[in-house]
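Enquirer: could you work out the structure for the sequence below:
(2 chains)
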Amino acid sequence: MKNTIADLISTAVKTLQDAGELPAELSPTIHVEHTKDKSHGDFACNIALMLAKPAKQNPRKLAELIVAHLPESDKVEKVDIAGPGFINFFQSAANLWSMLDEMLTRGKDYGRCTLGQGKKVLVEFVSANPTGPLHVGHGRGASFGSAVSNLLAAVGYDVSREYYVNDAGRQMDILATSVWLRYLEHHGATLTFPRNGYKGDYVKIIAANLASAHEAAFVQPIDSVMSDLPQDETEDGQGDKEAYIDALIARAKSLLGAEHYDTVHAFGLDDILQGIKDDLAEYRVVMDNWFSEKSLVSSGAIAHALEVLDKAGHTYEKEGAIWFRATAFGDDKDRVLVRDNGQTTYFASDVAYHLNKFERGFEWIVDVLGSDHHGYVPRVKAAISAMGKSPEQFTAMLVQFATLYRGSERLPMSTRSGEFVTLKDLYDEVGIDAARFFYVMRKNEQHMDFDLELAKKQSNDNPVYYIQYAHARVCSVLRQAEDKGMAFDQALGQRHLSLLTSSHESTLLTKLNQYSDRLRAAGNNAEPHMIAHYLLELATDFHSYYNAEAFLVEDEALRNARLLLISATRQILANGLELLAVSAPSEM
RNA sequence: GCCCCGAUAGCUCAGCUGGAUAGAGCGUCCCCCUCCUAAGGGGAAGGCCACAGGUUCGACUCCUGUUCGGGGCACCA
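Expert: Numbers count the residues shown, from 1 in each chain, chains lettered A, B, ... in the order given. Below you'll find the model as predicted:
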């Protein structure tokens, strides 16, 4: 509807320009918005105020000129000029009513649009290192990423969802070594666990599974494992935990041999990755693809990317390493691609990964990242430009951290230390609907406090139930209508929509009518929280209406008109909730 | 030191890409079930939109600076 009005105004402005009443060189962006106050109509436009100065005209007079040249439309009842020169549009009742009809006919598809023009977009999110189960810190990225994906799909993009699996590199070696040490303990060895190892209990479980699958195949005498190692970091800060864990990794590799080491490595990875997949599936996050970092090496993608950069002349050698000249593309400093020991860096993998995304035919690349990765964005953008791709086709959406509290106590969220609340623990306790809604209610760049106690204790006060309750109430009314032999007759209701004259009814109608614009805006800005807040407003209007008027009245014309209105409300609630992957129960 | 994000009611947060009188939930205080689910509704109180400048017909919104929080600045991943 906003677009319709914008078109009307645009036509009027053009007419005025052709008539020489307005300077022809003006090309104003027409901004139509929903009004806050009903006396201002349904939509308002500030175009006259915007144009007043460049056109050198009084804004009110200009508004009058524009209004006089607006084309006729059966969607608009009345146009007013108010205040300093706002043009207020009153929507025609017939138009509102036809919307209701459309909501029921199009059903689940109502509100979807073609803004994205079928453009292929890849949304990468979560992508947590597979060194431990997902914890509540990952929940926000998971909730936000999947909601954004759904939103983009709803406004017409061809969306693929992907998880980048960091299955190569040092962190995975640390995990493999941690598993192996726990495995040795399982077989009776006594040892002091490295300070920098993964200490979570899940590692012990993996080790036990490893022991039952391979029995004692990987047992080595503990003395040979622990002899001649550098000192681990102690309580008082002596020693070096990094050097120690690296030495242990090297020891594991040499004692086990490549084949056995890989078995242990893969065992830990598979176990954790499967857990992540299960948790996400249960949390209603469906990935289209799991992209392995390791595969970038085996497929030659890294070599390919390095070659592309090199051919473009954006690499150089210094101190035995190969560098990318990121500073030429706006980054703070140049970045190492290949270390002096010949190994490629994580950054090299990521350059290759992003090039690969483009080469797979995606026209828009979206990375949903934790805010701790922000410093990383400029260098990825730089690499994309350097490889001849357009940096405009890459968007990094940063999700700020959620700080976890239990009451007033701040909780640690470290995979390494093993002290964290898993995502599964969270949704098992507060419920998937509540958890998802809670995360997505806040806009992504807002820091959020997540108080576990509050979320658990007050799960009934969670706004998600308020919305779901509205949906369930409509379902219940419709069920009872049927039981009483007053089954909803849509056609009859349609013919009597003019009976919907109460203020609650017009408020609800107006709110329903806003859905498609709000969805479009939410999709355009990739801001799912706008949907969450819209649904809260809609539920509020509905509950208020519910308490003010009876639906199952004797007058069948009025009754069916009202049932039509609340059926449309139910549909919109269901559509909005589905975008957030929150269920819409028919009874509670 | 540099970079990113934030600061709005007692608390947690919205404010729709500069508009008309700044909103909601929780909490506090009143009131409403012989009636479609009270997981609901109606009302009250509660604000120097961190601070200071600037741009504008108009600023919570944009710009600059300051203060205070969160995060980041590797030949780690």
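
Enquirer: who's in contact with the nearest residue to A:F329 once chain neighbours are set aside?
Expert: Excluding its sequence neighbours, the residue lying closest to A:F329 (Cβ to Cβ, 6 or more residues apart in numbering) is A:A382, at 3.5 Å. Where C-beta positions appear, they are placed from N, C-alpha and C, glycine not excepted. A:A382 makes contact with A:324, A:326, A:328-331, according to Cβ atoms under 8 Å, 6 or more residues apart in numbering.

Enquirer: one more pass at 7 Å, please.
Expert: A:326, A:329-331 (Cβ atoms under 7 Å, 6 or more residues apart in numbering).

Enquirer: with A:L499 instead?
Expert: A:557-558, A:561.

Enquirer: which residues of the stretch 351-500 of chain A fall in strands?
Expert: A:364-370, A:394-399, A:402-406, A:409-410, A:448-451 (DSSP state E, counting those that start in this stretch).

Enquirer: put together JSON lines for those strands, with distance to RNA strand B on each row.
Expert: What follows is the strands of the stretch 351-500 of chain A, written out as JSON lines (distance: least, Cβ to the nearest atom of the strand, whole Å):
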{"stretch": "strand A:364-370", "distance to RNA strand B": "7"}
{"stretch": "strand A:394-399", "distance to RNA strand B": "6"}
{"stretch": "strand A:402-406", "distance to RNA strand B": "7"}
{"stretch": "strand A:409-410", "distance to RNA strand B": "10"}
{"stretch": "strand A:448-451", "distance to RNA strand B": "4"}
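
Enquirer: any stretches of chain A with poor pLDDT?
Expert: Applying pLDDT under 70 to chain A flags residues A:407-408, A:456-460.

Enquirer: what is the burial count for A:M448?
Expert: A:M448: 17 surrounding residues under other Cβ atoms under 10 Å.

Enquirer: who is it paired with across the strands?
Expert: Under the criterion DSSP bridges, A:M448 forms beta bridges with A:A402.

Enquirer: does it touch A:A402 like I think?
Expert: Yes - in this structure, A:M448 is within contact of A:A402 by Cβ atoms under 7 Å, at 4.8 Å.

Enquirer: near RNA strand B, which residues of the stretch 301-450 of chain A?
Expert: Proximity of the stretch 301-450 of chain A to RNA strand B is confined to A:318-321, A:332, A:336, A:339-341, A:343, A:345-347, A:371-376, A:398, A:400-401, A:403, A:441-443, A:445-449 under the rule Cβ under 7 Å from any atom of the strand.

Enquirer: highest neighbour count among the contacts of A:L499?
Expert: That'd be A:A561 among the contacts of A:L499, by other Cβ under 10 Å, with 23 neighbours.

Enquirer: excluding chain neighbours, what is closest to whichever residue of the stretch 51-200 of chain A sits closest to RNA strand B?
Expert: Taking Cβ to the nearest atom of the strand, RNA strand B has its nearest neighbour within the stretch 51-200 of chain A at A:G169, 2.3 Å off. When the adjacent residues along the chain are set aside, A:G169 lies closest to A:Y346, with 6.3 Å between them (Cβ to Cβ, 6+ apart).

Enquirer: next one: A:A383
Expert: That would be A:V351: by Cβ to Cβ, 6+ apart, it lies 4.4 Å from A:A383.

Enquirer: now do A:D449
Expert: Excluding the flanking residues, the one nearest A:D449 by Cβ to Cβ, 6+ apart is A:T403, at 5.4 Å.

Enquirer: state the number of residues packed around that neighbour.
Expert: 14.

Enquirer: contacting residues around it?
Expert: Residues counted as contacts of A:T403 (Cβ under 7 Å, 6+ apart) are A:410, A:449-450.

Enquirer: on that earlier part again, of the strands of the stretch 351-500 of chain A, flag the one that's most buried.
Expert: Ranked by mean neighbour count, these are led by strand A:364-370 with a mean of 22 (mean count of other Cβ atoms under 10 Å).

Enquirer: name every strand pairing with that one and say which way it goes.
Expert: Strand A:364-370 is paired, per DSSP bridges, with strand A:120-124 (parallel), strand A:394-399 (parallel).

Enquirer: how distant is the last one from the center of its chain?
Expert: Okay, so that is strand A:394-399. 10 Å (Cα atoms, centre = their mean, to the nearest Å).

Enquirer: list the contacts of it.
Expert: Contact with strand A:394-399 is made by A:140-141, A:144, A:365-371, A:374, A:377, A:381, A:384, A:444-445, A:526, as judged by Cβ under 7 Å, 6+ apart.

Enquirer: helices along the stretch 1-150 of chain A, start to end?
Expert: A:2-18, A:47-55, A:59-68, A:93-106, A:136-154 (DSSP state H, counting those that start in this stretch).

Enquirer: what's the longest one in contact with?
Expert: Counting contacts by Cβ under 7 Å, 6+ apart, the residues outside helix A:136-154 that touch it are A:112, A:116, A:121, A:123, A:125-126, A:128, A:159, A:161, A:280, A:283, A:285, A:368, A:370, A:399, A:401-402, A:404, A:413, A:421, A:423, A:426, A:435-436, A:439-440, A:444, A:450, A:519, A:522-523, A:526, A:528, A:579-581.

Enquirer: for the second one, same thing?
Expert: Where contact means Cβ under 7 Å, 6+ apart, the residues beyond helix A:47-55 that reach it are A:9, A:22-23, A:26, A:28, A:30, A:58-59, A:62-63, A:66, A:84-85, A:87.

Enquirer: now check that helix, is it near RNA strand B?
Expert: Yes - among the residues of helix A:47-55, A:49-50, A:52-53 lie within reach of RNA strand B under Cβ under 7 Å from any atom of the strand.

Enquirer: for the last one, same thing?
Expert: No - no part of helix A:136-154 sits near RNA strand B under the criterion Cβ under 7 Å from any atom of the strand; the closest distance found is 10.8 Å.

Enquirer: what about that helix, distance to the chain center?
Expert: Centroid separation for helix A:136-154 versus its chain: 3 Å, with Cα atoms, centre = their mean.

Enquirer: quick one: the helix or strand following that helix near RNA strand B?
Expert: The helix or strand immediately downstream of helix A:136-154 is strand A:158-165, counting by DSSP states H and E. No - shown here: strand A:158-165 not in contact with RNA strand B (Cβ under 7 Å from any atom of the strand), separated by at least 10.1 Å.

Enquirer: what helix or strand is the residue sitting furthest away from the middle of chain A on?
Expert: Distance from the C-alpha centroid of chain A, by Cα atoms, centre = their mean, peaks at A:D223 (49.6 Å). According to DSSP H and E, A:D223 maps onto helix A:222-226.

Enquirer: now do the buried residues in that helix.
Expert: By 16 or more other Cβ atoms under 10 Å, the buried positions in helix A:222-226 come out as A:222, A:225.

Enquirer: and it, how far out from the chain's middle?
Expert: Centroid separation between helix A:222-226 and its chain, computed with Cα atoms, centre = their mean, is 47 Å.

Enquirer: stretch A:489-502 now?
Expert: Centre-to-centre, stretch A:489-502 and its host chain are 39 Å apart (Cα atoms, centre = their mean).

Enquirer: A:S498: how many residues sit nearby?
Expert: 11.

Enquirer: wait, isn't A:H543 in contact with A:A470?
Expert: Yes - using Cβ under 7 Å, A:H543 is in contact with A:A470, at 6.0 Å.

Enquirer: who's more crowded, those two?
Expert: Counted by other Cβ under 10 Å, A:H543 and A:A470 do not tie: A:A470 has more neighbours, with 25 against 15.
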